[in-house]
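Asks: the following block contains a protein sequence and its predicted model.
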Amino acid sequence: MRKVSLEQRNHFLVIQLRQIGDVVLTTPIPRILKEARPGCRVSFLTERPSDQLLRGNPHIDEVLLNDRKAPWWKTVALGLDLRRRRFGVVLDFMGNPRSALLAFLSGARVRISYPAPGRGLLYTHRVEPTREYAVAIKKRLLAPLGIESGLDRPEIHLAPDERAWAEAERERLLRGRSRLVTVDPSHRRATRQWPAQHYGALCRRLATALDAAPVVLWGPGEEAVADAVVASSDDAAVRAPPTRLREMAALIGAAALHVGNCSAPRHIAVAVGTPTFTVLGSTSAGWTHPSAAHTQVALGLDCQPCNRNTCDRDRACLVDLPPDRVFEALEGWAAGTLGWGAG
């Protein structure tokens, strides 16, 4: 693989426009760059609301914003603004048409991404992805720079007042129980969403068998799912207070465990140091952080993982995965790994 010369390494542009979870999973890259190239400058191009989770990161010198709904001429204008900043290296972790165009318009002498049909010529280096943990796949883009790192944990830097708020909320939400557990039952893709009624039954078991206080997370448009979980839990669970992304991250950080679908909150939990237990549908274990504090359960059908957004089998991998089986897997793992006993 062709390497990049030293004089081209001083100013980096990291591109990960969306989704929220993907942006979180890209956060190890700025730290790796700073440690490998002391004195370098790192800019991060993303979109709202993901930029909230990059605030306070000491390894990111500036956060730049792309407007996803902007007309094409504004994309060109943003690209020309990037060119004026004279980046030496662009690392495009998105690889879609807009990010590829922005990488090219930046004028950087080195533009690295994954193989992209019809867009490959916009990059100077293309790196084949592999099947491994998502952060490890992202780190492969550093190979043309001669950079290697064992760092693989995402990071979100919370302020003291954010942690204090979350701690106060934790005390309120515990309701006399021993452990706070955040629960994420929502997903924009049905093939990744375990039924709300199953989550409700799981919350009952968490409360009665593990003395846990399940708190159901939700965002705009997800209130009905959260309410369905609470109702089917026989009020063993409560709905979380309204939160913005950083408040949600702080609340997850104050919890003893995060349970949920394969979505952004599980990656946020890794970034704030909270163990995770994920219910998998169409996605693979490749999204699970490779450490004992993070695990998953799946029904194990012959079609899993399919990585599809639609299903020809009525989401059997999720609907037919019973709450009792999920709880037994969670209970055994929590006892052996987290040291939990019965409440």
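Replies: That came in fine, so what should we check first?
Asks: C-alpha from now on. contacts and neighbour counts both.
Replies: Will do.
Asks: report the central residue of this protein.
Replies: Gly21 (2.6 Å; CA atoms, centre = their mean).
Asks: how close does it sit to Ala196?
Replies: Distance, Gly21 to Ala196, using CA to CA, to the nearest Å: 21 Å.
Asks: looks to me like Leu53 is in a helix.
Replies: Yes - counting by DSSP: H, G, I helix; E, B strand; the rest coil, Leu53 falls inside a helix.
Asks: hmm, it is touching Arg244, no?
Replies: No - with contact defined as CA atoms under 8 Å, Leu53 does not reach Arg244; the gap is 10.1 Å.
Asks: any idea how many residues pack against the closest residue to the residue nearest to the centre of the chain other than its chain neighbours?
Replies: The shortest distance from Gly21 to any non-neighbouring residue, by CA to CA, 6 or more residues apart in numbering, is to Ala264 (4.0 Å). By the measure other CA atoms under 10 Å, the count of residues near Ala264 is 18.
Asks: try Glu35
Replies: 14.
Asks: list the helices and strands the helix or strand hosting it packs on?
Replies: According to DSSP states H and E, Glu35 maps onto helix 28-36. Secondary-structure packing of helix 28-36 (3 or more CA pairs under 8 Å, 6 or more residues apart in numbering; DSSP states H and E): strand 41-46, helix 134-139.
Asks: quick one: it to strand 41-46, angle?
Replies: 170 degrees (axes from the mean of the first three to the mean of the last three CA atoms, to 10 degrees).
Asks: contacts for helix 28-36, please.
Replies: 14, 40-42, 59-60, 135, 138-139, 147, 149, 151-155 (CA atoms under 8 Å, 6 or more residues apart in numbering).
Asks: show me which of these are buried.
Replies: 14, 40-42, 59-60, 135, 138-139, 152-155 (16 or more other CA atoms under 10 Å).
Asks: ok, those residues vs Ser186, which is closest?
Replies: Pro154 (21.7 Å; CA to CA).
Asks: give me the domain ranges for this protein.
Replies: When the chain is parsed with automatic domain parsing, its domains come out as 6-145, 161-338.
Asks: can you redo those domains as a markdown table with mean pLDDT?
Replies: Shown next, in a markdown table, are the domains of the chain (pLDDT from 0 to 100):
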| stretch | mean pLDDT |
| --- | --- |
| domain 6-145 | 94 |
| domain 161-338 | 97 |
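Asks: which phi and psi does Val259 have?
Replies: Backbone geometry at Val259, expressed as degrees, to the nearest 10, gives phi -120, psi 140.
Asks: wait, it touches Val181, no?
Replies: Yes - counting by CA under 8 Å, Val259 touches Val181, with 7.1 Å between them.
Asks: now the helices and strands packed on helix 28-36 as CSV including distance to Val326?
Replies: Shown next, in CSV, are the helices and strands packed on helix 28-36 (distance: least, CA to CA, whole Å):
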stretch, distance to Val326
strand 41-46, 35
helix 134-139, 24
